[in-house]
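[1] Curious how this folds, go ahead:
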Amino acid sequence: MQKIIEHQDQPHLLFIYSKAIIYSARAMAAGTATPEQQTAFMDWLSDESCGLSGLVLIPGSPDLTAFRDGRRFLAIKLRTFLSLTGTQLEELSDENPSERTIEHERDDPAVTRRRRRGGK
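    Presented below is the predicted three-dimensional model:
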């Protein structure tokens, strides 16, 4: 049986899950998920939670459209990571991207201040 959590004042936060999904998520976090649990959880994460297969555009509501598009972005990135071939993985740098200075950040005073305080 699936449970639906819907926020009456925020219908874009519709959230559907089942007991099997909860068990799959827990098993994934513990590193003990079966292949079936892994597939079920990843499908739920991309389709239900991130809305990959749903409509993004909400006419008349650019904020909700942007919110849904942000959720989809995560699912697209996950699917991209999972679909990379061995050759594509080998071509990637071992450098941690969060430690890399992006060209436009070099002259950004806010980034400089944040780095001085120990942030990234």
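[2] May I see the buried residues of the longest helix belonging to the chain?
    For the chain, the longest helix by residue count, based on DSSP state H, is helix 62-83. Buried residues in helix 62-83, defined by neighbour count with 16 or more other CB atoms under 10 Å: L64, T65, F67, R68, R71, R72, A75. Where C-beta positions appear, they are placed from N, C-alpha and C, glycine not excepted.
[3] what packs against it?
    Other helices and strands packing on helix 62-83, by 3 or more CB pairs under 8 Å, 6 or more residues apart in numbering; DSSP states H and E, are strand 10-18.
[4] about what we covered before: continuing past the longest helix of the chain, what's the next helix or strand?
    helix 86-91 (DSSP states H and E).
[5] just to revisit the earlier point, so can I have CSV of the buried residues of helix 62-83 showing pLDDT?
    As requested, the buried residues of helix 62-83 are exported to CSV (pLDDT from 0 to 100):
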residue, pLDDT
L64, 83
T65, 86
F67, 84
R68, 84
R71, 86
R72, 89
A75, 88
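[6] Any regions of the protein where pLDDT drops low?
    1-15, 96-120 (pLDDT under 70).
[7] redo that, cut-off 90
    Where the chain drops to pLDDT under 90, the residues are 1-19, 44-72, 74-75, 78-84, 86-120.
[8] The closest residue to E48 other than its chain neighbours: neighbour count?
    Setting aside the residues directly before and after it, E48 is nearest to I16 in space (CB to CB, 6 or more residues apart in numbering), at 5.4 Å. Burial of I16 is recorded as 14 neighbouring residues (other CB atoms under 10 Å).
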